[in-house]
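Chemist: Fold the following.
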Amino acid sequence: MKAAEIFTLHDVKYLRSNHPGIKRLKRQKAGHSAHGNKIWLSSLVLIDYLYCNPIARNSKVLDVGCGWGINSIFLSKNCAAAVTALDIDPGVEPYLALHCEINQTMVDFRCADFRNLTKIDLCAFSNIVAADICFWDELVEPLYQFINLALNAGVEGLLIADPGRPPFWTLCDLCCQNLGAEILTRRISEPVATEKFILKIELQ
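Modeler: The predicted structure follows:
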């Protein structure tokens, strides 16, 4: 049986890779993206956590490494958040726009590397979310510095979801030792059964 082209998680619609709109965008896209080419399961777990532990309505949120933007779409639609979806790959923007269209919501897109953001940039946000962004050893230190910069800018909370890669655990160790972070284990059963981890950091 052919898998459904659209699935719903907490009243938000998401498109699978076999959806005609996704297929069309992939045909049109030049080159290949190693990371922003599908929905990652860590995002589904993060969305489920945010559904049960919502941020304040109308918050200003930065979604780092947004990919297809499903974290952004959820926060915009369910929390009335003003979301900026950030990704280094400009090719993910049409996927974000397509998800915005089917969910009748709006998210701003910014093409940039998180390592180039300044304290002034981060002052605009109360929360930062991310999923599957700590996949290489060389990303650990830049992410740790980014988290510190965000906290110094007054960001109230950061959530980073991951399947549990070794670089992620190194980042967790640094944040737990120096920033009072905590690590959450979370399982979901729908739309797929999976278990992931969330690094939670709050402004002290």
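Chemist: Give me the distance from the lowest-mean-pLDDT helix or strand in the chain to the chain's centre.
Modeler: Within the chain, no helix or strand scores below helix 20-28, which has a mean of 83 by mean pLDDT, DSSP states H and E. Offset of helix 20-28 from its chain centre (C-alpha atoms, centre = their mean, to the nearest Å): 22 Å.
Chemist: what do you get for stretch 157-175?
Modeler: The answer for stretch 157-175 is 13 Å, by C-alpha atoms, centre = their mean.
Chemist: Need the residues that contact it.
Modeler: 41-43, 45-46, 49-50, 55, 126-137, 139-140, 143-144, 147, 150-151, 181, 183, 196-203 (C-beta atoms under 8 Å, 6 or more residues apart in numbering). From N, CA and C alone the C-beta is placed, and that goes for glycine too.
Chemist: Inside helices: which ones of the residues you listed?
Modeler: Counted as lying in helices by DSSP state H, out of these, are 41-43, 45-46, 49-50, 140, 143-144, 147, 150-151.
Chemist: Report the beta-bridge partners for the residue positioned nearest the centre of the chain.
Modeler: By C-alpha atoms, centre = their mean, the chain has its centre lying nearest to A130, at 3.4 Å. A130 has these beta-bridge partners by DSSP bridges: V64, I160.
Chemist: In this structure it contacts S72, no?
Modeler: No - if you go by C-beta atoms under 8 Å, A130 and S72 don't touch, sitting 10.9 Å apart.
Chemist: Overlap in contacts, the two.
Modeler: Residues touching both A130 and S72 (C-beta under 8 Å, 6+ apart) are D63.
Chemist: one step back: give me the buried subset of the contacts of stretch 157-175.
Modeler: In the contacts of stretch 157-175, burial by neighbour count holds for 41-43, 45-46, 49-50, 55, 126-134, 139-140, 143-144, 147, 150-151, 181, 183, 196-201, counting by 16 or more other C-beta atoms under 10 Å.
Chemist: L86 sits in which helix or strand?
Modeler: Secondary structure assignment for L86, by DSSP states H and E: strand 82-87.
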